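Asks: pasting the structure only:
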């Protein structure tokens, strides 16, 4: 039999095809021998096969005795071979590992150590996947863990233990979730040697790495063990005084910080119990050797400056080549000399030490970022440890800006930028108290401290931006500025922050790196949208501060000049330049959208230029078409607001209005007509679903007064598009169309159109069963608007454009079959997702308000009972928005004079009143209590409150609530502003109940009248 035999040589690896005796086929070694040769054969060409030699150069003597087979020789070759994954099948490597685990004697420490190194190599290079296995076979991960844990239990020599633990650590990486059966064995193996008092530092470091990798992405599978692991790891940072001269100790610290970061990412509560201790430890190592870092950076900059100066001022004085080479080496801070040079060796050691210090700082910053994500509010009080509150020149205390400025390793600088961004993100409410205006006082308030931090954050970022030229770091700095602008309340700060920031970053709009330009435009968008500094920002966007390169002449003979322009002119030219990348032009449209939202008066005079760009983008098949349509929608929205219309924001409850002086409504109507013909008709036929959705959004922003002035064919076009697009294949388009229909049903001119109302009702009811949540939210909102319109039409006091509402017969508005369909659709929505339920209960309240008497009588024990039960359920469950909408819907429902509340023909009246009483007395949310109290005051006659028992319970709840109105224990701060409104509503409800009470009620209500009188006297101080 012709076999390949493998040998390991000191200088090279050799293979042979000599005919020598082989291991018997039934021997387990045979399988390992075969797969090893298969793997090696795939990585070596045939020309390299030759007679095997031993490590001392002698020829190998083969024997027919199988026991003379040296498996260690195979392992040496495998270790020395640089396996190419592209030449080797993954299943062959996996088979090699499994076979080795099965044949190697774990008591043979020398062999297990070698095999552990192979396991480490395969896993660290991602050459095998251990979590995949065939049916009826033991998973490869389990095989390797059994082998490594068993080998560790037999190992006695330090070097062998280190090899085994290193392999175990790598096997555990990203596999902690897949080895739940081994968790206890692994922890029993690693925890004792990971303790701070274990003497051998390298073994401790390997164990710490293993614990960290075990936790990585393990989630809830390791939930019960995180605490014990965390305590062991933290003790390595806090219990032992650091030996800063011991490289091995520093590696332990670095590994510990990395492992802590993994744990905090998996269990966000783990850090809360030892928060202060953890912060102090992390702070120590974030600024580890920070003073030396600063000195080294300054010395390096000075040396480079001197070197440049020498080159510019003339050649250096003659000196020996060796001396010149020494100077070059010293200036670069690297070892370019041979190992015989004492200077080179010293610098090499220093470089390694600085790199190790950087790794420690990097892992510590990673820990801080994990804490900022897990417990941001707990970190607020420790901001002063990491963020400056005084100018750097006035303080020697390092901050994260120290790392950003002076750290040599770019990855650490990027991480420092990122952690500042994470700390600031979501802190708007906390920073709202910041005040940097000088107030003479011996006491430094929290507002003043926060104001100082905000001031120094801006100053530090501006200082670094002025000097930074590393692209990736620059992008992170711009993102950090972006987050700072989003979370800062500038109205309480001294002026000029946004101006200084704008002037500092606007130059990056012409940067060579497109990613830097995109980050800059994103930041400028947020600056532009800052509503607390409108006048300041308006001046900024019109200021000519951007240096733009302009080419003059022909292509062959052109010259370049610089032209200073303002932001808007620059963006228009940028979008119009087809040679610019698409993502740059899209971001430019985004900045224009931001300008439109907050500075419409500045944007509107540029409409003719912008219209040309929109038309060009709509005619070409480019991703820019979506951005230009988005701008058109924003422009239409603000123009509608300028006309005094905000019906487009009714869904979001936005009541803001923006008026433009001297607005010519005739010209505005012409604008809408022109854009409908020029842009929207083309957009409705576009194959891109986002463009069609934007077209629907545009139609929904047409103001009611403008819509009624449009030609009939244009109005019909708008309605037809929305009705047809509500059945579009794209969920985004369907949702936008349903929203548009919900807006149109509120138009007075369409409220008289029974055909539109019926078509609209059928359409949105059909879409309320859509699988897409957004479609259900928008269609349920539209149906709620339809029912609100029916309430308006039923009210005799409402007059719409001189037309008397049809309160007498709403059956003219909707066909009879739709009543039940609307009620059933509302019931379905009321039990849907929390985002749908508020609209569902609103629909139920309004539709019951206007239901015909015959329908109510027929469905008293059917649909009406289902409606009542659905409302009760929503009093008690779901989001707060769901609850207060359910209470308000109940009030709306009870306004129907024919609603059978309080009658003995049903068994749900008492349940409804009991649920409202519970909401008034026990809800923590004042808006829920206000609306529940409103519902209790809605029935107009005494008989609708049922018997005396129910009436007294309601009166008692109201009086008790008034007596406890000033008891704010357990009440959130945001609820206090509604306290007076709740008090007034309870008073109104009380007075209503007393006014409708009958003579037979008097003896039952007298105690409550006395309690009310006493309460009134107490609050009036009588």
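Replies: Thanks, I have the structure now. Quick caveat: nothing in here was measured; it's all calculated off a predicted structure.
Asks: contacts and neighbour counts: CA atoms only from here.
Replies: Noted.
Asks: Where is the longest helix in the protein?
Replies: Taking DSSP state H as the criterion, the chain has its longest helix at helix 342-374.
Asks: tell me the mean pLDDT over it?
Replies: For helix 342-374, the mean pLDDT works out to 84.
Asks: Output the contacting helices and strands for the next helix or strand after that helix.
Replies: Per DSSP states H and E, the first helix or strand lying C-terminal to helix 342-374 is helix 376-380. Judged by 3 or more C-alpha pairs under 8 Å, 6 or more residues apart in numbering; DSSP states H and E, helix 376-380 has no packing partners among the helices and strands.
Asks: Please spell out which residues along helix 376-380 are buried.
Replies: For helix 376-380, the neighbour count (16 or more other C-alpha atoms under 10 Å) marks 376, 379 as buried.
Asks: Identify all contacting residues around it.
Replies: Contact with helix 376-380 is made by 371, 372, 423, as judged by C-alpha atoms under 8 Å, 6 or more residues apart in numbering.
Asks: Now the element after that helix, going C-ward?
Replies: Using DSSP H and E, the next helix or strand after helix 376-380 towards the C-terminus is helix 383-386.
Asks: and the longest helix of the chain, how far from the chain's centre?
Replies: Distance of helix 342-374 from the chain centroid (C-alpha atoms, centre = their mean, to the nearest Å) equals 29 Å.
Asks: Please identify the buried residues of it?
Replies: For helix 342-374, by 16+ other C-alpha under 10 Å, it's 343-345, 347-348, 354, 356-374.
Asks: got it, and stretch 215-228?
Replies: Here stretch 215-228 shows 215, 216, 217, 218, 222, 226, 227 as buried, counting by 16+ other C-alpha under 10 Å.
Asks: Kindly check the end-to-end length of that stretch for me.
Replies: Start-to-end span of stretch 215-228 (C-alpha to C-alpha, to the nearest Å) is 12 Å.
Asks: Just give me how far that stretch sits from the chain centre.
Replies: Per C-alpha atoms, centre = their mean, the displacement of stretch 215-228 from the mean C-alpha position of its chain is 23 Å.
Asks: residues making contact with it?
Replies: Residues contacting stretch 215-228 (C-alpha under 8 Å, 6+ apart): 173-177, 180, 183, 259, 262-263, 266-267, 270.
Asks: mind redoing it with 6 Å?
Replies: With contacts defined as C-alpha atoms under 6 Å, 6 or more residues apart in numbering, stretch 215-228 is touched by 174, 176, 177, 262, 263, 266.
Asks: Next step: these restricted to helices.
Replies: Those of the contacts of stretch 215-228 lying in helices (DSSP H): 262, 263, 266.
Asks: mind listing what the second one touches?
Replies: Contacts for residue 263 were tallied using C-alpha under 6 Å, 6+ apart; they are residue 215.
Asks: do the last one as well
Replies: Taking C-alpha under 6 Å, 6+ apart as the criterion, residue 266 is in contact with residue 219.
Asks: mind running it again at 10 Å?
Replies: 215, 216, 217, 218, 219, 220, 222, 223, 226, 370, 374 (C-alpha atoms under 10 Å, 6 or more residues apart in numbering).
Asks: For the stretch 101-250 of the chain, give me the ranges with low pLDDT.
Replies: 133-136, 240, 242, 244-245 (pLDDT under 70).
Asks: now the helices: where do they sit in it?
Replies: 109-124, 140-154, 158-172, 183-194, 201-215, 226-238, 247-266 (DSSP state H, counting those that start in this stretch).
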